[in-house]
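Novice: prediction below, plus the sequence it came from.
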Amino acid sequence: MQQNGAVHTTSSVLRPEQRSHAVEMKLLLLGVWLGLAWAQQDQSPVPVQPGFDPEQVEGPWHTIKLGATNRSVIEEGGSYLCFMSDIKLLEDGNLNITYFHKEDGVCVQEFYIGEKTSTPGRFTFEYEGKNFLTFVATGRDFLIMDLENHNEAGVLIVVELHGRSPPTWRAEAAQSQDEAEGAGAPVGGPAGWAMGLRD
């Protein structure tokens, strides 16, 4: 619905799965906006979730959306096209973060140790340079992470939206893909292993 040039959504007329998708999109846009706003201002650190509690982010996660200042890194073959599946809090306060990504066409599980910093909710790790991981927003069922990669090419910002359960539209898309393949239709592109990261 459009009124006075502004776009408004009315969640009461949306089906539950549409409302869920609308919330996911709003959260992703918030995270991308925060990352891009930081990149274009004074280079001060991205704000951390107030009262960050590392125990709140522990456990299984499903990657819902990715955004980046360089889109190619989150497209097929990109070095940041990956799925986070788990976060474990270690005794020393660091985080063990589990990701899956493709390497030579094969799905590979990787573990990264996010080393805590003096700022609660901000961690560092090495991957294609030095990465600063910031938990921008956390909730019971979602989290938004800002990853800033610093290397000789400059600064890359990747924003990740994760949920505790897989989004319903991802299962529906997988079923549609299976039905299309069963009917003999060629299926490719962003469907398949990267399905759901880019709409």
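Specialist: Good, I have the coordinates.
Novice: need the helix or strand of this structure with the lowest average pLDDT.
Specialist: Of the helices and strands making up the chain, the lowest-confidence element is strand 6-7, at a mean of 34, by mean pLDDT, DSSP states H and E.
Novice: mind listing the strands for the chain?
Specialist: In the chain, strands defined by DSSP state E lie at 2-3, 6-7, 59-60, 62-68, 82-89, 95-103, 106-116, 122-126, 130-138, 142-151, 154-163, listed in chain order.
Novice: return the set of buried residues in the last one.
Specialist: Neighbour-count burial for strand 154-163, counted by 16 or more other CB atoms under 10 Å, picks out 156-163. Every C-beta, even on glycine, is put in place using the N, C-alpha and C of the backbone.
Novice: which of these lies closest to Trp61?
Specialist: His162 (4.3 Å; CB to CB).
Novice: ok, that closest one touching Met84?
Specialist: Yes: with contact defined as CB atoms under 8 Å, His162 counts as touching Met84 (5.7 Å).
Novice: what sits in contact with each of those two?
Specialist: Common contact partners of His162 and Met84 (CB atoms under 8 Å, 6 or more residues apart in numbering): 61-63.
Novice: hang on, the earlier thing: which one of the strands of the chain has the lowest average pLDDT?
Specialist: Among the strands of the chain, strand 6-7 carries the lowest mean pLDDT, a mean of 34.
Novice: done for today, thanks.
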